[in-house]
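Participant: turn this into a model:
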Amino acid sequence: MLKKVFGSAVFGVEATTITVEVNVDKGVGYHLVGLPDNAIKESNFRIAAALQNNGFKIPGKKIIINMSPADLRKEGSAYDLTLAMGILTATNQIKADDLENYVIMGELSLDGTLQPIKGALPIAIKAHEEGFKGFILPSQNAKEAAIVSGFNVYGVDNITQVINYFDKGEALEQTIIDVKEEFNKSLNFPEFDFADVKGQEGIKRCMEIAAAGGHNIILIGPPGAGKTMLAKRLPSILPPMTLQEALETTKIHSVVGRVKENTGLMAQRPFRSPHHTISNVALVGGGSYPQPGEISMSHNGVLFLDELPEFKRDVLEVMRQPLEDREVTISRAKFTVTYPCSFMLVASMNPSPSGYFNDPSAPVTSSPAEMQRYLSKVSGPLLDRIDIHIEVTPVPFEKLSDERKGEGSIDIRKRVTEARERQTDRFVESESVHYNAQMNVKQIRKHCRLDDTSKELLKTAMERLNLSARAYDRILKVSRTIADLEASPHINGSHISEAIQYRSLDRDGWLG
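Facilitator: Here you go, the predicted model:
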């Protein structure tokens, strides 16, 4: 007898429906075909034990299982439940007339309980698009899949529930979530708040500008100045994610199995902080069967690279193209996958190997030559993609001991959100540009026009500070954001003056 049951495979951030055909005939043998990996090939042992422990068995007949399309590589243990249900129906141990109307996925334990799977959200989206009646999967992933509205999602704890649903008509509890409620939950209760930061008012202002315009930023300062503390609080002042952004972000985290159990939509912007020993594949994504890297996990959020010069140069260089294109394409001989990676880059670094500026009062000092050699580990083309450079100095004792709290993240976020809304209106006709940091040269010339006084100020600054040519466009972008925060339709001299301060690494003589 031949029976069909449906599962799904995830490539990139999209799912492909897999048809599992189970044919039982005279003879002996168990044959699994259709490019399964080792985890799937080993499934017959897990399935046999799970069925045995729940009153069923794999009969001693010739069983041929084909996973179609046969030219696509299938991987992972999530097909255990799919294969088990196919075997049970093909061998007439249970009746399941409605089986072909469902996508069924789940990893089996030896006692028949189900373990969570990866990619539940893209699988549910694809199943809904293709007109399946429902999706049966482990209960730990049910909320994640139930984000897809108008689609029946059933979370189950063991194989017996699935068998009884088809064979005996016992009802399964449908998982239903209120997407808007999930989306709005905890938006106004940031884990890390700018109110906790003592002093550093100038740096907080700089972070507000970076958040408002989506600008990449690098913080330069000695150990203990608060660089990491400030970076961790940046997501709390970014505008709340739109529903579309939340779906995109949840989808990527679902593919790698990083959505927390019993959690639906990701409402908070992601913050990723990889260690400096990370490989280029782990950062941008890849592998034999490509998976998203840290830059894609940071999509719609923040990627924080602490101690930037300690990262391998080739690791940093592979970020150059994704920073510009906001997506990364990974090519293999038989297929190509593209992952989105629209993130804000926040980097921090010490000014020298000793950790301190060229200052006689510092505990340990480095010569200007040592500082230059250390800073040169970060290439010019990468720095070219960072709009704001800011020096972070240690906080004096008087401010550290001050009991008064600073301005909280929620208040700062309101100003940032208003500035972003102005940018959204400005770029309403552009599909690829949504905020100031994404402006190309043509848009800079259109939206960053200067009056004669501002032009003269910028000219004088570039000549006196010997600012590089690449600093020109960056200053205009940042000054446009500063103007947006003040609700000013035009850029004036004060906006230009402030933006010039945020190009520390372009200044001639910065090293003393």
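Participant: where do the strands sit along the stretch 251-400 of the chain?
Facilitator: Listed in chain order, the strands found in the stretch 251-400 of the chain under DSSP state E, counting those that start in this stretch are 271-272, 285-286, 291-292, 302-305, 327-331, 336-340, 344-349, 388-391.
Participant: in the protein, where's the longest strand?
Facilitator: Counting by DSSP state E, the longest strand found in the chain is strand 14-25.
Participant: and the next helix or strand past that one?
Facilitator: Later in the chain than strand 14-25, the nearest helix or strand by DSSP states H and E is strand 29-33.
Participant: got the buried residues for the helix or strand just after that following strand?
Facilitator: Downstream of strand 29-33, the next assigned helix or strand under DSSP H and E is helix 38-41. Buried residues in helix 38-41, counting neighbours by 16 or more other Cβ atoms under 10 Å, are found at 39-40. Where you see a C-beta, it was placed from the backbone N, CA and C, and this is true even at glycine.
Participant: what does stretch 395-403 give?
Facilitator: Within stretch 395-403, the residues that count as buried by 16+ other Cβ under 10 Å are Val395.
Participant: what is the end-to-end distance of it?
Facilitator: 14 Å (Cα to Cα, to the nearest Å).
Participant: before we move on, what about stretch 426-443?
Facilitator: Span of stretch 426-443 from end to end, Cα to Cα: 10 Å.
Participant: can you list contacts of it?
Facilitator: Residues outside stretch 426-443 that contact it (Cβ atoms under 8 Å, 6 or more residues apart in numbering): 212-216, 326, 387, 420, 423-424, 447-448, 473, 477-478, 480-481, 484.
Participant: same thing but 10 Å
Facilitator: Stretch 426-443 is contacted from outside by 209-216, 239, 324-326, 342, 344, 385, 387-388, 419-420, 422-424, 444-448, 473-474, 476-484, 489, using Cβ atoms under 10 Å, 6 or more residues apart in numbering.
Participant: just the buried members of those?
Facilitator: By neighbour count, with 16+ other Cβ under 10 Å, those hold 209-216, 239, 342, 344, 387-388, 419-420, 422-423, 444, 447-448, 473-474, 476-484 as buried.
Participant: what part of this protein, helix or strand, is modelled with the least confidence?
Facilitator: In the chain, the helix or strand scored least confidently by mean pLDDT, DSSP states H and E is helix 179-184, which has a mean of 72.
Participant: identify the residue nearest the geometric centre of this protein.
Facilitator: Met297 (2.4 Å; Cα atoms, centre = their mean).
Participant: which residues of the stretch 401-512 of the chain fall in helices?
Facilitator: Counting by DSSP state H, counting those that start in this stretch, the stretch 401-512 of the chain has helices at residues 409-426, 441-447, 452-464, 470-485, 493-501.
Participant: let's see the last one as PDB, backbone CA atoms only.
Facilitator: Provided in PDB are the C-alpha atoms of helix 493-501 (Å, rounded to 0.1, in the frame of the first residue of the first chain):
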ATOM      1  CA  GLY A 493      25.400  75.900  10.700                       C
ATOM      2  CA  SER A 494      24.700  74.400  14.200                       C
ATOM      3  CA  HIS A 495      23.800  71.000  12.600                       C
ATOM      4  CA  ILE A 496      27.000  71.000  10.500                       C
ATOM      5  CA  SER A 497      29.100  72.000  13.500                       C
ATOM      6  CA  GLU A 498      27.800  69.100  15.600                       C
ATOM      7  CA  ALA A 499      28.200  66.600  12.800                       C
ATOM      8  CA  ILE A 500      31.800  67.600  12.300                       C
ATOM      9  CA  GLN A 501      32.600  66.600  15.900                       C
END
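Participant: now for that helix, which elements pack on it?
Facilitator: Other elements packing on helix 493-501 under the criterion 3 or more Cβ pairs under 10 Å, 6 or more residues apart in numbering; DSSP states H and E are helix 201-213, strand 388-391, helix 452-464, helix 470-485.
Participant: which residues touch the residue nearest to the centre of the chain?
Facilitator: With contact taken as Cβ under 10 Å, 6+ apart, Met297 is in contact with 249, 252-253, 255-256, 258, 270-272, 274, 285, 291, 303, 339, 341, 343.
Participant: same thing but at 8 Å, please
Facilitator: 252-253, 256, 258, 270, 272 are the contacts of Met297 under Cβ under 8 Å, 6+ apart.
Participant: same check on Pro239?
Facilitator: Neighbours of Pro239 in contact, by Cβ under 8 Å, 6+ apart: 211, 413, 416-417, 420.
Participant: let's see 7 Å
Facilitator: Residues in contact with Pro239, defined by Cβ atoms under 7 Å, 6 or more residues apart in numbering, are 413, 416-417, 420.
Participant: can I get the helices of the stretch 401-512 of the chain in CSV including distance to Glu191 and mean pLDDT?
Facilitator: As requested, the helices of the stretch 401-512 of the chain are exported to CSV (distance: least, Cβ to Cβ, whole Å; pLDDT from 0 to 100):
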stretch, distance to Glu191, mean pLDDT
helix 409-426, 10, 94
helix 441-447, 35, 90
helix 452-464, 39, 89
helix 470-485, 25, 91
helix 493-501, 30, 92
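Participant: can you add distance to Asn350 and give the ones you listed back as TSV?
Facilitator: What follows is the helices of the stretch 401-512 of the chain, written out as TSV (distance: least, Cβ to Cβ, whole Å):
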stretch	distance to Asn350
helix 409-426	27
helix 441-447	32
helix 452-464	27
helix 470-485	22
helix 493-501	21
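Participant: Tyr102: which of those is closest?
Facilitator: helix 409-426 (40.9 Å; Cβ to Cβ).
Participant: one step back: minimum distance to Ile220: which of the helices of the stretch 401-512 of the chain has it?
Facilitator: Comparing these by Cβ to Cβ, helix 493-501 comes nearest, at 13.2 Å.
Participant: let me know the angle separating that closest one from helix 452-464.
Facilitator: 20 degrees (axes from the mean of the first three to the mean of the last three Cα atoms, to 10 degrees).
Participant: tell me where the model's unsure across the stretch 251-400 of the chain.
Facilitator: Across the stretch 251-400 of the chain, residues meeting the criterion (pLDDT under 70) sit at 262, 358-361.
Participant: all good on my end, thank you.
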